[in-house]
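Student: what would the 3D arrangement of this be:
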Amino acid sequence: MKRMYTVSTRLDMTDGLKEYLEDYIVFYNSIERRVFHDLCHDIPKEMGMGRYITHICNSYGILKRTANSIRYDMQGRINAYLELKKTELSQISIKIQSVQKKIAKLESSMSELKLLARDNTLDKKGLFEYKNMRSLLYYQKNRLNKLCQRKSVLEQQIKDKAVSLCFGTKKLFDAQNRLDENGFRSHDGWLHTFQKKRDSGIFFLGSGDESYGNQILQLKPCEDGFLLRLRKDRPYENNGKYLLADIRFRYMEKEIISALNNNQSMTYRISRKGRKWYLTVMFSIDTDIVTDSKSGVIGIDYNDRFMELVETDSSGNMIYAEHIHLDYHGTGNKAESEIKEKISGIVKAAFEKKKNIVMEDLDFRKKKAWQNKGKNAGYNRMLHLFDYHRYTFWLDNLCIKYGVRLMKVNPAYTSVIGKKKYGHSRKLTVHRAAAFVIARRGQGYNDKLIA
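Tutor: Below is the predicted model of the structure:
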């Protein structure tokens with residue numbers, strides 16, 4: 001099992017490195033935009049990707065590895081954009097079904113009132129109710145029409161692979177129309193800020209068959225950290241081919257050294273944030289699984305503001321249970337720190353006991369799309385503050401880090417089965433009983449509803 005790492009550190013800029021990066025980042029990003037445009041409008045079939053890369057190298061005088069890095073980065077952005085549009089399409093399809101059901105329900109409720117209104121036999125209260133229904137039906141049909149139009153546009157975008165991205169962010173680009181409101185004194189000030197934001201990153205694609213995992217940017221371990229060696233691109237080779245700098249990482253230096261020693265692919269990104277420059281390194285390390293389900297598992301039922309944990313033995317019997325309260329709610333930094341700390345404790349315990357962790361394989365996208373505006377507002381608010389994504393992110397990452405197998409099971413009826421089969425007989429709460437059912441499912445036990 002591979003564990004992906006992403007580590008960042010601030011660069012201590014030497015005069016030569018700073019001068020090179022400030023000039024090169026503008027040049028590099030101009031090529032990025034050119035390649036992005038070409039990829040979006042399809043490279044001619046007779047050219048092919050290989051000849052296209054050669055064409056870019058000849059046009060700008062850059063290294064072939066630089067051109068490949070740009071192509072890889074831009075293709076990744078295009079793929080991410082199209083995947084986002086597919087997600088939007090699925091969400092809109094669910095919303096359309098919801099609105100269609102509301103319209104059908106309204107029309108069914110209005111059918112009798114419509115006949116009475118036509119015969120002028122409705123009383124004052126009934127007439128008032130009928131007018132409200134007609135108004136609501138009008139707005140729901142308008143909403144359905146807008147959703148269908150949006151769906152049609154998305155389907156066409158996905159079919160044509162039409163990608164529309166603003167380098168520098170659309171929000172900042174739009175700020176030029178309201179300079180005072182966005183804190184700009186002049187258009188020149190806005191333009192300078194926009195260009196800095198637009199030209200803010202350089203990507204260096206790594207490969208395992210290259211020296212130190214990367215051909216252009218290399219880290220070499222030394223006594224005081226790492227020696228960074230950056231290969232200049234061809235238009236900048238006048239004063240030498242390489243730039244050197246000493247850097248340190250606050251954490252995970254051992255993992256970086258291990259990846260370098262094992263000839264792992266080392267991908268880097270240099271980014272500018274204000275006046276500061278940062279280096280981000282991305283690499284993977286093989287992690288061995290050290291847990292199994294022979295001696296039992298640890299099941300987790302994640303809920304709003306708390307988690308229920310149940311540990312079982314080899315026969316699927318409960319041997320330990322714990323209620324883990326979460327003080328912080330929502331998606332803030334405190335909530336993230338807390339959930340990371342709690343999950344870290346669970347994963348470390350699973351690692352020590354050599355037991356797999358079992359969780360529900362949930363997907364809240366459909367529920368969020370089905371929510372009713374103005375109805376069940378408390379439930380809708382809870383649903384959006386329920387940070388299941390961050391819970392699964394940290395659980396998945398920490399399990400990979402410690403070599404703990406994470407098993408995901410079908411969440412269907414875990415609470416109902418737990419309550420009916422184990423809740424009363426063992427005096428368990430609904431959520432603790434659900435965690436018990438989740439754990440048993442991870443071990444292969446098929447608990448069924450009791451009639």
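
Student: after the worst-scoring helix or strand of the chain on mean pLDDT, which helix or strand is next?
Tutor: Every helix and strand of the chain was ranked by mean pLDDT, DSSP states H and E. The lowest is helix 377-385, at a mean of 54. Later in the chain than helix 377-385, the nearest helix or strand by DSSP states H and E is helix 388-402.

Student: would you mind listing the buried residues in that following helix?
Tutor: For helix 388-402, a neighbour-count test (16 or more other Cβ atoms under 10 Å) marks 391, 392, 394, 395, 397, 398, 399, 400, 401, 402 as buried. All C-beta atoms are positioned from the backbone trio N, CA, C, and that covers glycine.

Student: where along this structure do the strands fall?
Tutor: In the chain, strands defined by DSSP state E lie at 2-10, 201-204, 217-222, 225-231, 242-247, 267-273, 276-286, 292-303, 306-312, 318-325, 355-360, 406-409, listed in chain order.

Student: including mean pLDDT, could the ones you listed go into JSON lines?
Tutor: Output for these, formatted as JSON lines (pLDDT from 0 to 100):
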{"stretch": "strand 2-10", "mean pLDDT": "86"}
{"stretch": "strand 201-204", "mean pLDDT": "96"}
{"stretch": "strand 217-222", "mean pLDDT": "94"}
{"stretch": "strand 225-231", "mean pLDDT": "93"}
{"stretch": "strand 242-247", "mean pLDDT": "92"}
{"stretch": "strand 267-273", "mean pLDDT": "95"}
{"stretch": "strand 276-286", "mean pLDDT": "91"}
{"stretch": "strand 292-303", "mean pLDDT": "93"}
{"stretch": "strand 306-312", "mean pLDDT": "94"}
{"stretch": "strand 318-325", "mean pLDDT": "94"}
{"stretch": "strand 355-360", "mean pLDDT": "94"}
{"stretch": "strand 406-409", "mean pLDDT": "93"}
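
Student: single out the most deeply packed of these.
Tutor: The highest mean neighbour count among the strands of the chain, using mean count of other Cβ atoms under 10 Å, belongs to strand 355-360: a mean of 24.

Student: and the contacts of that one?
Tutor: For strand 355-360, contacts defined as Cβ atoms under 8 Å, 6 or more residues apart in numbering pick out 291-293, 295-302, 311, 346-347, 350, 392, 395, 399, 404-411, 414, 438-439, 441-443.

Student: beta partners for residue 302?
Tutor: Beta-bridge pairing of residue 302 under DSSP bridges involves residue 307.

Student: gap between it and residue 309?
Tutor: 10 Å (Cβ to Cβ, to the nearest Å).

Student: where does the stretch 101-250 of the chain have low pLDDT?
Tutor: Within the stretch 101-250 of the chain, no stretch falls below the threshold (pLDDT under 70).
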